[in-house]
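Enquirer: Fold the following, please.
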Amino acid sequence: MRMPTVHRSFRPIVCTVAALGLILAGSLSASAATSEQSTPVPIDPPDGTVMSYVVNIGQANPGQTRKAEKAVTEAGGFVVQSWPEIGVVIAQSDRAAFRDTVKIKGKNVVASVGATRSVEVKDKVTGPQVPWGPGSSGWKKGKNKPLNGDEPSTPVPGTGSDSLESLQWDMTMIHATEANAVTDGSHNVLVGVLDSGIDPNHPDLQANIDVADSVNCTAGGRPDQSAGGWYPTTSDHGTHVAGTIAGVRNGIGIVGVAPNVRLASVKVVNDDGFIYPEYAVCGFMWAAQRGMDVTNNSYYIDPFEFWCDDQPDQAAVREAVARAVNWSSAKGVVSAAAAGNSGLDLTVNTEDLGSPDDAATPTPRTINQGCKDIPAQVPGVVTVSSITQSGQLSYFSNRGLGEIDVAAPGSRIASTVPGGWAYKSGTSMASPHVAGVLALMKSMHPDLTPAQMVQKLEDDATPTECSEPQYGEGATCVGTAELNSYYGHGIVNALKAVN
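Expert: Numbering: from 1, shown residues only. Okay, the predicted model is just below:
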């Protein structure tokens, strides 16, 4: 997926991975609302073209994972990374018949295989994969602590010595200033920013960055903690998101929603601006293994804005991502995601004109209600729409009754960027407000589970009546003040979250 430029989205169907050994095959159910098949987008690379794949295993356990790895090798593939906790192997292969062959070689083990992109892999991986056996990651069972169409950046006037808090109407709207009178958040709380990297030297961020838990997932989907790997390279997006969540209270620049919580840079955006499925899977798994409390996901997974359950490659990818999200939730991580910037009603959308977005020419296609924006439409993920300073739904924000959980400020938000501060607009800017509120909530209520946190977030939201549409014909808000297609359960409320 590409991040900043107006018009993009997120959300999949989930399997519950509560423990190793759980049967996972067939956990991705077909949509009851699928009236016609979505337009196929075949991915048929010729021999010699290195492609990336997810290989989903029927049972999540080490023994079955070893068998799947063997099947990958025998099919002419290379094991990039294995996630035995969820029964997913990330592989690369230059064999045109890899998908069919690995199913044959992995009979009774491999449940599904899917290509993760439509073009040849640039981030080819060589050398042995990172060991995943007992104790290799430092994760222990039960361990828990007590892009997408955004508008271009506009520099914020002023110098680094000036306080820019007066420009933060967004913090006033969600009652963050009042919440901070109660708490700035606990430094024990760790938020994973799954994005394009965080500027390690920014004065508004440096004190809160957790270097030890930061990682680069764009090396084929393999976690890489090489020095500087998680730094931003071609995008200021992740740094802007990080400032909204936890910009430090230091008399300089801006202040985040939760200015005392820690931030981990989990880089899932490559230098071309794409967030491929294996990067996102790595990000969610890393967050769980490192005991993070919250993740923010201001992107949709490339190369499809909507991944369809009636297309084999796309269905396999949705399954892998859903397993990663579910496992992270089971380990105590609650995740917020941007609803997307295509100005669509996700409940009735029938077109996808820009996918696959990594191809020279996308394939305009008909889609159905079995086609979902991920990770935003993964059950359990908090899906966030964007609103303006006047409280209206932002013109770019996706919407949908039952699809939007809460709303937050996302139009013209002042926050950090490498070397300074800037305004940005997008649902990507709305989601980190919610991640920050969840971090404050976790600080005050450390025993809440992810499900309890989501419920409290929705219960605490300020009910908001439907506003006038900014879109024109067909964009009318539907529902009540307590639940509607624009605001979901309402505008997120930081003060109630900490009380």
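Enquirer: excluding its backbone neighbours, what's nearest Ala324?
Expert: Phe284 (4.0 Å; CB to CB, 6 or more residues apart in numbering). Where C-beta positions appear, they are placed from N, C-alpha and C, glycine not excepted.
Enquirer: I figured Ala288 was touching Arg323, is that so?
Expert: No - applying CB atoms under 8 Å as the test, Ala288 and Arg323 come out as separate, 11.3 Å apart.
Enquirer: With just CA atoms, put whichever strand or helix holds Ala337 into CSV.
Expert: Assessed by DSSP states H and E, Ala337 sits inside strand 334-338. This file holds the C-alpha atoms of strand 334-338, laid out as CSV (Å, rounded to 0.1, in the frame of the first residue of the first chain):
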residue,chain,number,x,y,z
VAL,A,334,-5.0,-3.6,21.7
SER,A,335,-4.8,-2.0,18.2
ALA,A,336,-6.2,1.1,16.6
ALA,A,337,-6.4,1.6,12.8
ALA,A,338,-7.3,4.3,10.4
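Enquirer: would you say the residue nearest to Ala324 is within a helix?
Expert: Yes - membership of Phe284 in a helix is supported by DSSP: H, G, I helix; E, B strand; the rest coil.
Enquirer: need the contact list for it.
Expert: Listed by CB atoms under 8 Å, 6 or more residues apart in numbering, the contact set of Phe284 reads Leu194, Thr295, Val321, Ala324, Val325, Trp327, Ser328, Val333, Ser335, Pro375.
Enquirer: Kindly report the same for Asp459.
Expert: His489.
Enquirer: mind checking pLDDT for it?
Expert: Per-residue pLDDT puts Asp459 at 98.
Enquirer: could you check the distance from it over to Ala430?
Expert: From Asp459 over to Ala430 the distance is 19 Å, taken as CB to CB, to the nearest Å.
Enquirer: cool, Ile90 as well?
Expert: Remark: distance between Ile90 and Ala430 (CB to CB) = 30 Å.
Enquirer: Got the phi and psi for Ile413?
Expert: The phi/psi pair for Ile413 (degrees, to the nearest 10) reads phi -100, psi 130.
Enquirer: Wait, a strand at Ile245?
Expert: No - membership of Ile245 in a strand is not supported by three-state DSSP, which gives helix.
Enquirer: ok, now which ones touch it?
Expert: So Ile245 contacts Val191, Val193, Gly256, Val257, Ala258, Val261, Leu263, Asn296, Pro432, Ala435, Gly436, Ala439 (CB under 8 Å, 6+ apart).
Enquirer: and the gap between it and Asp293?
Expert: Counting by CB to CB, the gap from Ile245 to Asp293 is 12 Å.
Enquirer: what touches both of those two?
Expert: Joint contacts of Ile245 and Asp293 (CB under 8 Å, 6+ apart) are Val191, Ala439.
Enquirer: middle-most residue in this structure, spatially?
Expert: The residue lying closest to the centre of the chain (CA atoms, centre = their mean) is Asn297, at 3.1 Å.
Enquirer: Any idea how many residues pack against the residue nearest to that residue when sequence neighbours are not counted?
Expert: Sequence neighbours aside, Ala337 is the residue nearest to Asn297 in space, at 4.1 Å (criterion: CB to CB, 6+ apart). By the measure other CB atoms under 10 Å, the count of residues near Ala337 is 33.
Enquirer: Nothing else from me, thank you.
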